[in-house]
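# Whatever this is, show me its structure:
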Amino acid sequence: MLHNNGSISPKASAHLDTIRGLAAIAVFIGHWRTFWFANVEMKTASLPAKAGLFVTGFPRQAVIVFFVMSGFLVGGSVIRAIDRWSWNSYAVTRLSRLWTVLIPVLVVGFLLDYFGSNVLFPTSPFYDGTSKAIYWNVNERLGLTNFLASLFFLQTIACEALGSNGPLWSLANEFWYYTLFPLAVVAGFSSRPTTERLVSAALFVVICAFVGWPILSLFPVWLMGVVIALLPRPDIPSIGVTVLIACVGLGNIGLATWARLHPSLTSDVVLGVSFSALVWCVLMARGEPNRLYKWISHMVANMSYTLYLMHLPTLTFLAAALSANQVDTAVAAALSLVATFVGALAMYLMFERKTPKIRAYVMKRISPRTAGRASAA
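Now for the predicted structure:
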């Protein structure tokens, strides 16, 4: 349970980690399915195949989950720290989190896309835009403009994301929400000097005009996570919390299915409200979780960002390679699934796991006095 000091109970923390990890896996397997089973029809599929198609069909809805979780974790931390707010500390915390993974992923993704589309498999449907999995020409998105736009969170604003890495669209949303929310809080809900508040308000308006409606349209979903961070949590007996989580969780599955069949901004917002309710219920969970469950949930959650950013360029390259060598579809699907996850794990161990050290180093260089303030979020 989230206490007055902002802490979260071990059990709730493990559950939140599970949600983050499952959301990343849902995006991953949703895209993986389109490479190998895009032509399988739900109506004519066998019962096991129907179950597989259903489970792997929620990548868009999983991104909505990420937005709510981000609002809860990042927005909540902004609210709690506003009295001792430091843009230096906040910028280092957020950018070290984003760039420690993003920079190597952009480099590796570019190399995979470049050699895949220009050298090794130039006629592959997975690179020329004629497949259902990747329906754009990858080589046309490998320019310096695309690279820099993706590096500085301008994808979908200045141009499309780099190469095959379509999921990068949501990272632009995240970055600008990270920027807009503190500006709004400083401008409207802080005791900062009037000049600072006016400048913050002006910047908020300018940035809103700059990023445009496609990004702003999902900002309310992100803000729902902030609301959950502020809501009080009643002291409900454990059995009551368990029943509540189960009921709201089942409701979320139903709404996610509806949102999948009726994709729109309205369904995204409705799902955001529903999932926020689930997070609120989870925060009331108490007790010490099973050690194995805690370890698994923590591990998958920790690498969720790397898995999200890295999976599509890897899947695209592997699909082109395995198809070119005429590997049996079932075998190729299994190989690409395992290899992509292992590759993401390796990238996590090399880069994302070192985020706290990189953050501390940068903060020490920029502002030694506030080095300890950078959050580990």
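# shaky segments in the protein?
The model of the chain has pLDDT under 70 over residues 1-7, 367-377.
# any idea which residue sits dead centre in it?
residue 66 (4.7 Å; CA atoms, centre = their mean).
# which stretch of helix or strand covers that one?
helix 59-70 (DSSP states H and E).
# What's the first helix or strand after that helix?
Following helix 59-70 in sequence, per DSSP H and E, is helix 76-81.
# Which positions in that following helix come out as buried?
For helix 76-81, the neighbour count (16 or more other CB atoms under 10 Å) marks 76-78, 81 as buried. Any C-beta I mention is one placed from the backbone N, CA and C, and that applies to glycine too.
# go on, stretch 81-94?
81, 85, 89-94.
# do the same with stretch 152-162
When neighbours are counted by 16+ other CB under 10 Å, the buried residues of stretch 152-162 are found to be 153-156, 160-162.
# Stretch 232-249 too?
For stretch 232-249, by 16+ other CB under 10 Å, it's 236, 241, 244-245, 248-249.
# from those residues, which single one is nearest residue 126?
residue 249 (35.3 Å; CB to CB).
# unless I'm mixing things up, the closest one is touching residue 277, no?
No - if you go by CB atoms under 8 Å, residue 249 and residue 277 don't touch, sitting 9.9 Å apart.
# returning to that earlier point: would you point out the most distant pair within the buried residues of stretch 152-162?
Most distant of the buried residues of stretch 152-162, by CB to CB, are 153 and 160, 13.4 Å apart.
# Chain neighbours aside, what residue packs nearest to residue 329?
Spatial nearest neighbour of residue 329, excluding adjacent residues (CB to CB, 6 or more residues apart in numbering): residue 36 at 5.8 Å.
# gap between residue 199 and residue 315?
In this view, residue 199 and residue 315 are 44 Å apart by CB to CB, to the nearest Å.
# got the CA coordinates for the helix or strand hosting residue 320 in CSV?
With elements taken from DSSP H and E, the one containing residue 320 is helix 304-324. These are the backbone C-alpha positions of helix 304-324, laid out as CSV (Å, rounded to 0.1, in the frame of the first residue of the first chain):
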residue,chain,number,x,y,z
SER,A,304,10.7,-4.4,-19.9
TYR,A,305,11.9,-1.1,-21.3
THR,A,306,14.7,-2.8,-23.2
LEU,A,307,12.4,-5.5,-24.5
TYR,A,308,9.9,-2.9,-25.7
LEU,A,309,12.5,-0.9,-27.6
MET,A,310,14.5,-3.8,-29.0
HIS,A,311,12.0,-6.4,-30.0
LEU,A,312,10.8,-5.2,-33.4
PRO,A,313,14.1,-4.6,-35.2
THR,A,314,15.3,-8.0,-33.9
LEU,A,315,12.1,-9.7,-35.0
THR,A,316,12.2,-8.1,-38.4
PHE,A,317,15.8,-9.2,-39.0
LEU,A,318,15.2,-12.7,-37.8
ALA,A,319,12.0,-13.1,-39.8
ALA,A,320,13.8,-12.0,-43.0
ALA,A,321,16.7,-14.4,-42.3
LEU,A,322,14.6,-17.4,-41.4
SER,A,323,12.2,-16.9,-44.3
ALA,A,324,15.1,-16.5,-46.7
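# roughly how far is stretch 151-167 from the heart of the chain?
The gap between where stretch 151-167 is centred and where its chain is centred comes out at 15 Å by CA atoms, centre = their mean, to the nearest Å.
# Adjust the sequence numbering to begin at 418 for everything that follows.
From this message on, residue numbering opens at 418, which makes the last subject stretch 568-584.
# Quick one: end-to-end length of that stretch, please.
Start-to-end span of stretch 568-584 (CA to CA, to the nearest Å) is 14 Å.
# which outside residues touch stretch 546-564?
Residues outside stretch 546-564 that contact it (CB atoms under 8 Å, 6 or more residues apart in numbering): 448, 451-452, 455-456, 523, 527, 530-531, 533-535, 542-545, 572, 575-581, 583, 732-733, 736.
# First-to-last residue distance for that stretch?
End-to-end distance of stretch 546-564: 19 Å, with CA to CA as the criterion.
# Over to stretch 701-715?
One end of stretch 701-715 sits 19 Å from the other (CA to CA).
# Distance check, the closest residue to residue 606 other than its chain neighbours against residue 492.
Using CB to CB, 6+ apart and skipping the chain neighbours, the partner closest in space to residue 606 is residue 499 (7.2 Å). Separation of residue 499 from residue 492 (CB to CB) stands at 11 Å.
# again, but for residue 519
21 Å.
# next one: residue 511
Residue 511 sits 12 Å away from residue 492, going by CB to CB.
# next one: residue 747
For residue 747, the distance to residue 492 - CB to CB - is 43 Å.
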